[in-house]
Structure formats: C-alpha cells, structure tokens
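Asks: sequence unknown, structure follows:
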C-alpha cells in the first residue's frame, strides 16, 4: 500500500530524475511539477494525496513553501544540488512507477508553459487573490481532484 510522502521527498525524486535525463530543473519548474504530480496522483488513486504538504497559490503558480525555501538559493538558475537514492528511499516501487510515467509526460514542458497551463485552470485561479497577490492561499486538494478527474 502506498503512503503519503513529504513534498521534499517527491521534489528530490524529480530533481534526480531530471539530472539523470539531462533535463534542467529550476525551482519554478519544480513547483509546477509538484502541483501536477499531486493532482494526477489523486486522480489515479481515488483522491489519495501523494504528499502531505499544502500547496499555496502564488503569483507565478502553485508553490510548496518548504520546497521553495529549500531551493530558493538557486534563484532562477537550475538546481544543481546532488541528490541520491537515500534522499527518497521511502518512495515505494508503485509510486516510483507513477512518478516515472508522470515525469515522462510532464518533464518536457518548460516552466513557463506549465505556469501558463496552471493559470488557465480553476484550482489555482480560485485560490489566487489578484487583489492581494502577496497573500498566499491554500489550493484546495478537493478542487484539484474534482477538476483534474474530469479531464
């Protein structure tokens, strides 16, 4: 049975996969991939979350604050932190398979294309407050599940 991980566990798996495949991963792109990984995991697992952390609606899209804070030192540059198997050892084979399939579909998108996709979708739009763009609201996982399960 799969378990709920932290967003940092999933982020490290994404970073390692990107490095192994020669893909560039910035904090901006990582945040968007975390959002979509959460959404599609819930769709494929009956609403069960991939990771326990909240996702906030920021100006440039969804953000998991703990992951953002961990990698903000890279600014807009690629994340070049070394990641190894021990960083996400709890990730079971079934969930690794899901992540590999997910990343196979989503990794080729640029950060900007992911931002543009998300900005046109209801879960982020409903949570983001354009009148106070510095206010961070939580994006409801129910909203994510309801929207993406219809696609």
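Replies: Structure's in. What do you need? Everything quoted here is computed from the prediction, not taken from an experiment. Numbering: from 1, shown residues only.
Asks: Check the gap between the residue nearest to the spatial centre of the chain and residue 130 for me.
Replies: Nearest residue to the geometric centre of the chain (Cα atoms, centre = their mean): residue 34, 0.7 Å. Counting by Cβ to Cβ, to the nearest Å, the gap from residue 34 to residue 130 is 23 Å. Where you see a C-beta, it was placed from the backbone N, CA and C, and this is true even at glycine.
Asks: all strands in the chain, in order from the N-terminus.
Replies: Along the chain, the segments classed as strands by DSSP state E run 56-58, 61-63, 137-138.
Asks: Between those, which one is closest to residue 151.
Replies: In terms of Cβ to Cβ, the element of those nearest to residue 151 is strand 61-63, at 16.7 Å.
Asks: now what about the closest one, what contacts it?
Replies: Residues from elsewhere that reach strand 61-63 (Cβ atoms under 8 Å, 6 or more residues apart in numbering): 28, 31-32, 34-35, 55-56, 114-115, 118-119, 124, 136, 139.
Asks: between those residues, which is nearest residue 97?
Replies: residue 34 (18.0 Å).
Asks: Touching, the closest one and residue 10? I think so.
Replies: Yes - Residue 34 is in contact with residue 10 according to Cβ atoms under 8 Å; the separation is 6.2 Å.
Asks: okay, and the common contacts of these two?
Replies: Counting by Cβ under 8 Å, 6+ apart, the common neighbours of residue 34 and residue 10 are residue 51.
Asks: Please go through the protein and pick out the longest helix.
Replies: helix 27-44 (DSSP state H).
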